[in-house]
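Student: build me a model:
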Amino acid sequence: MSRFRPPSLRTAVAIALATLFVAGGAALPALASPAPVSGCPPCDDGFVHAAAEHDLDTAVAESEATVRVHRNDSATWRVRVVPANESALNRLAENESLARAVAGDSFGVRYGGGIDHRLLGADVRDGAFLIRYRTLGVVEEGPLGTNLLTYFRDDPGAYIYTDLGADELTVVGPEGTSVARGFGEVDGRRMTATALPDVRDGPFVVFAPAGTPASGIVGTLAVLEALAGVLARNFLAFVLVPGGVAVGGLVALRRIADPAHDRDPWRLGAGVAVGGAAVLVATLVAESGALPEVTGNLLLGVAVGTVLLGLGGAVAVPAARRALTVRRLLGVSVVLAALVATGGPRALGGDFHVTLTMGGALLPAVAAIGRADAGGGDGTRTLAGLAVALFVALLALAPLTALGGTLFLIAPVLLTLAAGAFVLVAVPLYLLGGASVGADQGVSTSERRAPA
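Tutor: Numbering: from 1, shown residues only. Next comes the predicted model:
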């Protein structure tokens, strides 16, 4: 007796789980986002808002900042702001307490998230408002005598950097050092930038002892050491756990299921095809409000639904079923995975949707495993290839260096749930692959073998 429920019930389960697989992509955009701030709040909006709180109506005409890094984990800032309203500058020049109050209030949310800052002075000189302050706990000691300025890293759950704030920002390292890793123009121990690079969670600036050979490599080693804990956490959460759930589920499926059991390929194929059609319809209905715009959720649902519809239809139709082979099923997955890898990041609008869609692209390989197990092929080797592809995809798309933000770890939870949905959707596809080995292909039931 088969250990599985009747095909109609399996079909209903497949539809529900495939829908869950697609719906996981919809949850991520709803997550709360940390506050966007500039690298130097007193250089732009921080100053404008603080001035407004003290009845000074002005914008910023120009600004610049110089940051001097010290070995005692602190950095000293000198900010030069030219207000667009000259009368506001005159009032700051005439009232020392007002100048200090505006300067003190201009730090904004950036320092409300845990950075210890201390105002050193505020006055008006040469037609500009000067603010001097010190930030503590923003410099770390690294390997081989390096010093890392960690100030530009985002604070999980508090804020993310959007820009420098200053028109020009200069960072000066400690005496006897040179910039080993940074952004902008580098000259010895000075680095000057006019824009913040678009990198995940902001960049490090690393200083190495002057004359250090291969200083770029030394700077990279310092960053990797500083991120060791973050890398380990994200590798576990975004790669090992979801990958282990997906691969472990497939291994268990091969031990439990019997793909060589006689099943009606037309009924099973038609059921999977109907499930794919249901996913397509559900996706179009869910995304109807966004049409004709192409969203990540839309492409994800269309990809998964099309794969299920195509595989089910191919097995249900005798002429198509006779053309199926393990290699051709694997080839379909390779082509689909290549399309997702090359066009997915731009079309899907985010790594999370790309990862889910990559799982959909690899579903034909599950049918290939079932066909190999039922037809006397090497299902173990086929599974090993699929496992490698899954882990490579997860590793390539994982935010390994991300410190994270608000509800950051919900993303790997959703990814793990999607991996579980992948396994459950794989059940009918594994059986589908076995059903594709029929008598009309010259393979008798006695010649089939149970899964390894």
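Student: residue 65 reaches residue 171, doesn't it?
Tutor: No. Using C-beta atoms under 8 Å, residue 65 is not in contact with residue 171, being 9.2 Å away. Glycine gets a C-beta too; all of them are placed from N, C-alpha and C.
Student: those two: which is more packed in?
Tutor: Taking other C-beta atoms under 10 Å, residue 65 and residue 171 do not tie; residue 171 has more neighbours (25 against 22).
Student: who touches the more buried one in this structure?
Tutor: Residue 171 makes contact with 66, 67, 69, 149, 179, 182, 190, 191, 192, 193, 205, according to C-beta atoms under 8 Å, 6 or more residues apart in numbering.
Student: what about residue 378, how many neighbours?
Tutor: 13.
Student: I figured it hits residue 371, correct?
Tutor: No. Look at residue 378 against residue 371 with C-beta under 8 Å: they stay out of range, at 11.3 Å.
Student: wait, a helix at residue 153?
Tutor: No. Using DSSP: H, G, I helix; E, B strand; the rest coil, the assignment for residue 153 is coil, not a helix.
Student: surely it and residue 223 touch.
Tutor: No. Counting by C-beta under 8 Å, residue 153 stays clear of residue 223, with 10.5 Å between them.
Student: so what sits against both of those two?
Tutor: By C-beta under 8 Å, 6+ apart, the residues touching both residue 153 and residue 223 are residue 204.
Student: just give me the neighbour total for the residue lying closest to residue 96 once chain neighbours are set aside.
Tutor: Once flanking residues are discounted, residue 96 sits nearest to residue 123: 7.2 Å by C-beta to C-beta, 6 or more residues apart in numbering. By the criterion of other C-beta under 10 Å, residue 123 has 15 neighbours.
Student: likewise for the one 3 residues further on?
Tutor: Applying other C-beta under 10 Å, we find 7 residues neighbouring residue 126.
Student: quick one: pLDDT of it?
Tutor: Confidence at residue 126, expressed as pLDDT, is 89.
Student: on that earlier part again, and the contacts of residue 171, which of them are in strands?
Tutor: In strands, defined here by DSSP state E, the members of the contacts of residue 171 are 66, 67, 69, 149, 179, 190, 191, 192, 193, 205.
Student: so residue 377 is in contact with residue 371, correct?
Tutor: Yes. When contacts are counted by C-beta under 8 Å, residue 377 is listed as touching residue 371 (7.0 Å).
Student: mutual contacts of the two, please.
Tutor: residue 326.
Student: so the two - more neighbours on which side?
Tutor: residue 371 (27 against 18).
Student: what about the closest residue to the more buried one other than its chain neighbours, distance to residue 79?
Tutor: Using C-beta to C-beta, 6+ apart and skipping the chain neighbours, the partner closest in space to residue 371 is residue 433 (3.8 Å). Going from residue 433 to residue 79 by C-beta to C-beta, to the nearest Å gives 65 Å.
Student: with neighbour numbers in mind, choose between these two.
Tutor: residue 433 (30 against 27).
Student: hang on, the more buried one in a strand?
Tutor: No. Read with three-state DSSP, residue 433 is helix and lies in no strand.
Student: who does residue 63 form a beta bridge with?
Tutor: Counting by DSSP bridges, residue 63 forms beta bridges with residue 81.
Student: how about the contacts made by it?
Tutor: 40, 43, 44, 47, 79, 80, 81, 82, 165, 166, 167 are the contacts of residue 63 under C-beta under 8 Å, 6+ apart.
Student: surely the last one touches residue 61?
Tutor: No. Between residue 167 and residue 61 there is no contact under C-beta under 8 Å: 9.7 Å.
Student: compare these two (neighbour count), which wins?
Tutor: residue 167 (18 against 15).
Student: need phi/psi at the more buried one.
Tutor: With angles defined as degrees, to the nearest 10, residue 167 sits at phi -60, psi -30.
Student: any idea of the pLDDT on it?
Tutor: Value for residue 167, per-residue pLDDT: 94.
Student: I'd like the distance between the residue of the chain positioned farthest from its centre and residue 56.
Tutor: For the chain, the C-alpha farthest from the mean C-alpha position belongs to residue 94; by C-alpha atoms, centre = their mean, that distance is 50.5 Å. The spacing between residue 94 and residue 56, counted by C-beta to C-beta, is 12 Å.
Student: what do you get for residue 141?
Tutor: Residue 141 is 41 Å from residue 56, where distance means C-beta to C-beta.
Student: neighbour count: those two, which is higher?
Tutor: Neighbour count, other C-beta under 10 Å: between residue 141 and residue 56, residue 56 has more, with 19 against 12.
Student: now residue 390: which helix or strand?
Tutor: helix 379-397 (DSSP states H and E).
Student: buried sites along that helix?
Tutor: Across helix 379-397, burial judged by 16 or more other C-beta atoms under 10 Å covers 379, 382, 383, 385, 386, 387, 389, 390, 391, 393, 394, 397.
Student: pick out the most distant pair among those residues.
Tutor: 379 and 397 (27.0 Å; C-beta to C-beta).
Student: for this protein, what spans make up the strands?
Tutor: Under DSSP E, the chain gives strands at 35-38, 60-69, 74-83, 116-125, 128-136, 139-141, 147-149, 159-163, 168-172, 177-181, 185-187, 190-193, 205-209.
Student: and the nearest residue to residue 316 once chain neighbours are set aside, what's its pLDDT?
Tutor: Leaving out its chain neighbours, the residue that sits closest to residue 316 by C-beta to C-beta, 6+ apart is residue 269, at 3.1 Å. For residue 269, the pLDDT comes out at 87.
Student: what do you get for residue 121?
Tutor: 92.
Student: excluding its backbone neighbours, what's nearest it?
Tutor: residue 132 (4.5 Å).
Student: hmm, back to that, of the contacts of residue 63, closest to residue 319?
Tutor: Using C-beta to C-beta, residue 165 comes nearest to residue 319 of the contacts of residue 63, at 65.5 Å.
Student: what's around that closest one, how many residues?
Tutor: 24.
Student: if we can go back for a sec, OK, contacts around the residue nearest to residue 371?
Tutor: 259, 329, 366, 367, 368, 369, 370, 371, 372, 373, 374.
Student: in CSV, list those residues along with pLDDT and distance to residue 241.
Tutor: As requested, the contacts of residue 433 are arranged in CSV below (pLDDT from 0 to 100; distance: C-beta to C-beta, whole Å):
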residue, pLDDT, distance to residue 241
259, 75, 27
329, 90, 27
366, 91, 20
367, 89, 25
368, 90, 25
369, 91, 22
370, 88, 25
371, 89, 29
372, 89, 27
373, 87, 26
374, 85, 31
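Student: closest to residue 412 out of those?
Tutor: Nearest to residue 412, judged by C-beta to C-beta, of those is residue 366 at 22.5 Å.
Student: tell me the contacts of that closest one?
Tutor: By C-beta under 8 Å, 6+ apart, the contact set of residue 366 is 250, 386, 426, 429, 430, 433.
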